[in-house]
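3D, please:
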Amino acid sequence: MRILKMVRSHLIQQFSKVEGSVIGGVFVRPKPDKVRLDVIEINTIGLKCRKGSNVIGYLNVNYQDTSRSKVQEYTEFIDHLLSQCVINTNLFELDLQQIYPISQHLWLGNNMYKLTKI
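All right, here's what the predicted structure looks like:
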């Protein structure tokens, strides 16, 4: 899961360059149970290079907070940072982006990326 840690480091580094920061933190799944606001969680169901293909799988980067507009803004910013980005010979291509409520007062923004070994 080295790539997950590299994505985490990349996001922390890029967010530190802008005014907005992620106060809750950036975590490789699982995030701490008590951390629910202003947080990024990176996860995957598994990455491996498949025979005959350079696609190694899919990676999710989720952002959650109580403000729908902030979730929209940060989800788009995360995509700006990662879409078409190359990290350690892995190309990130946005496959899906969605924003939806996960409870009465909590929103989740999800970016799913297809990772291709180049």
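
Can you pull out the low-pLDDT segments for the chain?
1, 20, 49-50 (pLDDT under 70).

All the helices of it, in order from the start?
For the chain, helices defined by DSSP state H occupy the ranges 2-15, 68-82.

I'd like the distance from the spatially closest residue to W107 that is not a sequence neighbour to K117, if you could.
Leaving aside its chain neighbours, W107 sits nearest to V71 (4.2 Å; criterion: C-beta to C-beta, 6 or more residues apart in numbering). Where you see a C-beta, it was placed from the backbone N, CA and C, and this is true even at glycine. The gap separating V71 from K117 is 31 Å, by C-beta to C-beta, to the nearest Å.

neighbour-wise, which of those two wins?
Using other C-beta atoms under 10 Å, the more surrounded residue of V71 and K117 is V71, with 23 against 14.

Residue nearest the middle of the chain, spatially speaking?
For the chain, the residue nearest the mean C-alpha position is V61 (1.9 Å; C-alpha atoms, centre = their mean).

how about it, what does it touch?
7, 11, 40-42, 78, 82, 110-111, 113 (C-beta atoms under 8 Å, 6 or more residues apart in numbering).
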